[in-house]
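1. Next one to model:
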Amino acid sequence: MMTITTKYARRFAHVSIRCAGACLVLVSLAACEAPLNLEQVDAEKARELRRYDMLQAAAHSGDRVAVISSIGAVVTSADSGETWQRHEIPGRPSLIDVTACKSGEFFALDSERRVWRQVSGSDDWVSTPIDTPENTLSIHCAPNGRVWVSASFGTLYWSDVSLSNWTEFSLYEDLQFTAVRFVDDANGFAVGEFGTVMVTSDGGDNWEMREPIPNEFYPMAADFLDASSGWVGGLDGVIWHTSDGAATWQRQETVTAAPIYNIHANGHGVFAVGGSAKLVELVGDQWKTFEGGPEVLAFMRGLDTLANGSLLVAGGGGTLAVIPLGDRDATQAGQEG
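-> Sure, this is the predicted structure:
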């Protein structure tokens, strides 16, 4: 029979006492812990818009609207923002941009070089990869039905709506094209790093370089009203305007130093959103704070004008606002408080 010496017996006794004490502490903590309440969690999951939604972009076709988030959620409306439905794409791809074609089809771009197409008549989305090593940054459907994707290394890609074959145009230079915009079947613009501006007058078959935007500007947002007039925005609230088809650019005064993430021009006016929940509009040749925008502490990225003439604004914290431009009263959907 094994005999334990007094010294080791004391050690075992101390260990036993410590273990017993730890067990008593655990039992005490378990007894004091409040019952787990999942009601708030379930309530959050039941919302169409959630506090952790980082809404990135919006697009519409008729009364149908799609707003995408960076966690693979797509929030849609069939009635110009009166009601909303939520759909989560399996695998939760990080969606970064969305566009709508004249045909009524929606296409979204993710951070893994994939274009997602909404299946006609359903809430399902299917993906098609773009076979490229370049980083893809934005997506735009031109009026002629070409789906354009801007990318790094001075590269643009386009395909028809089948997404079955991608055509590449590249400058083979170390710069990022950040946006492509077409104003009609023929005339389009591509803007990018170092103030790069390209124009096309034949639907994108050929591109011509313009003089760069001053100060090696990095455009984070761009939109064009027609073949002559357009705007680009970037860091520090800087916005540049052209009135001669990107031949020259003039800087316009703004009321914000926050980065500009999106610009939208239409018959109702020209609007821009960015960091610090800033929504501004062009008044004359100056940008001023838009009265009646959402009052939230979050960035704004999504911006679109809906079929009923309302302005849609989307951003961080599940923020989604539909603003009737007639009376400028904001009807907000999503988060409160």
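2. so who does Phe153 touch?
-> Phe153 makes contacts with 134, 170-176, as judged by Cβ atoms under 8 Å, 6 or more residues apart in numbering. Backbone N, C-alpha and C define where each C-beta goes, glycine included.
3. Check the gap between it and Asp223 for me.
-> In this structure, Phe153 and Asp223 are separated by 24 Å, where distance is defined by Cβ to Cβ, to the nearest Å.
4. same deal with Leu55?
-> According to Cβ to Cβ, Leu55 stands 18 Å off from Asp223.
5. who has more neighbours, these two?
-> Here Leu55 and Asp223 are compared on neighbour count by other Cβ atoms under 10 Å; more neighbours surround Leu55, at 27 against 22.
6. Which residue, other than its chain neighbours, is closest to that one?
-> If you skip the residues right next to it in sequence, Leu55 has Ala314 as its closest partner in space, 3.9 Å away by Cβ to Cβ, 6 or more residues apart in numbering.
7. Any idea how far stretch 312-326 is from the middle of the chain?
-> Averaging C-alpha positions (Cα atoms, centre = their mean, to the nearest Å) puts stretch 312-326 13 Å from its chain's average.
8. Would you agree Thr76 is in contact with Val98?
-> No: in terms of Cβ atoms under 8 Å, Thr76 does not count as a neighbour of Val98; the distance is 10.5 Å.
9. any shared contact partners between the two?
-> Common neighbours of Thr76 and Val98, using Cβ under 8 Å, 6+ apart, are 66-67.
10. count of neighbours near Arg117?
-> The burial count for Arg117: 18, using other Cβ under 10 Å.
11. now do Arg251
-> The number of residues packed near Arg251 is 13, by other Cβ under 10 Å.
12. ok, now Arg51?
-> Under the neighbour criterion other Cβ under 10 Å, Arg51 is assigned a count of 13.
13. thought it was touching Gly318?
-> Yes: here Arg51 lies in contact with Gly318, judged by Cβ under 8 Å, at a distance of 5.4 Å.
14. which residue is nearest the middle of this structure?
-> Residue closest to the mean C-alpha point of the chain, counted by Cα atoms, centre = their mean, is Gln56 at 1.7 Å.
15. Not counting sequence-adjacent ones, nearest residue to that residue?
-> Spatial nearest neighbour of Gln56, excluding adjacent residues (Cβ to Cβ, 6+ apart): Arg301 at 5.2 Å.
16. Identify the residues contacting the host helix or strand of the one you found?
-> Using DSSP states H and E, Arg301 maps to strand 300-305. Residues lying outside strand 300-305 but in contact with it, judged by Cβ under 8 Å, 6+ apart, are 55-60, 65, 67, 261-264, 266, 268, 271-275, 277-279, 294, 311-316, 319-320, 325.
17. export that strand as PDB, just CAs?
-> Listed next in PDB are the C-alpha coordinates belonging to strand 300-305 (Å, rounded to 0.1, in the frame of the first residue of the first chain):
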ATOM      1  CA  MET A 300     -23.900  57.100 -45.600                       C
ATOM      2  CA  ARG A 301     -23.000  55.300 -48.900                       C
ATOM      3  CA  GLY A 302     -26.200  54.300 -50.700                       C
ATOM      4  CA  LEU A 303     -27.900  57.100 -52.700                       C
ATOM      5  CA  ASP A 304     -30.600  56.800 -55.400                       C
ATOM      6  CA  THR A 305     -33.800  58.500 -56.700                       C
END
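18. Partner strands of that strand and their direction?
-> The pairing partners recorded for strand 300-305 under DSSP bridges are strand 310-315 (antiparallel).
19. What's the first helix or strand after the strand it pairs with?
-> strand 319-324.
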